[in-house]
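Q: Build the 3D model from these lines:
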Amino acid sequence: MIGMWNPYLHIYLYVLAVAMGIGFGLPLLLVPIRWARLFRWEIPERQQLATFLGRSVGVFICVLAVFAFRAANIPAVQPFFFDMLLWTVSGSLLIHIYGALTKAQPITETVEILVWIILLFVTLAFYPS
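A: Residues are numbered from 1 along each chain as shown. Below is the predicted model:
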């Protein structure tokens, strides 16, 4: 299972970079409150902290996306990048599970747990050997 699609990992990293950047990074960076409403988050009256934190996460995701493009063509950094990606995905999965158990998030975020599980296994399948 681990690394079974290894020969195609560069394609995976390109697709992942575009999906992360367009799907999450740029929206969180540019319009974090609109993104939060789309995912059914309750928006506080004072939005400065939510905007700041949303943009911070958006920048992090955009940086990951840029480095996914870089890692796709540099075999020496691929194991490090995949390890970082797996820890990030695992952390996000745990955060979403915790949010679901404590009922601290909207249903859209709870459903997203399945996305994180799939992403974890797919990333493992492309892991460099």
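Q: Met84 and Ala68: what is the separation?
A: Distance of Met84 to Ala68, computed by Cβ to Cβ, to the nearest Å: 10 Å. Just so you know, the C-beta spots here come from the backbone N, C-alpha and C atoms, and that holds for glycine as well.
Q: of these two, who's got more company?
A: Ala68 (23 against 14; other Cβ atoms under 10 Å).
Q: Please state the offset of stretch 19-37 from the chain centre?
A: Centroid displacement of stretch 19-37 relative to its chain, using Cα atoms, centre = their mean, to the nearest Å, is 11 Å.
Q: got it, and stretch 96-114?
A: Worked out by Cα atoms, centre = their mean, stretch 96-114 lies 15 Å from the chain centre.
Q: One more: stretch 74-88?
A: Computed by Cα atoms, centre = their mean, the chain-centroid distance of stretch 74-88 equals 14 Å.
Q: repeat for stretch 35-44
A: Stretch 35-44 has its C-alpha centroid displaced from the chain centroid by 18 Å (Cα atoms, centre = their mean).
Q: His96 contacts Thr110, correct?
A: Yes - contact criterion Cβ atoms under 8 Å: His96 and Thr110 qualify, at 7.0 Å.
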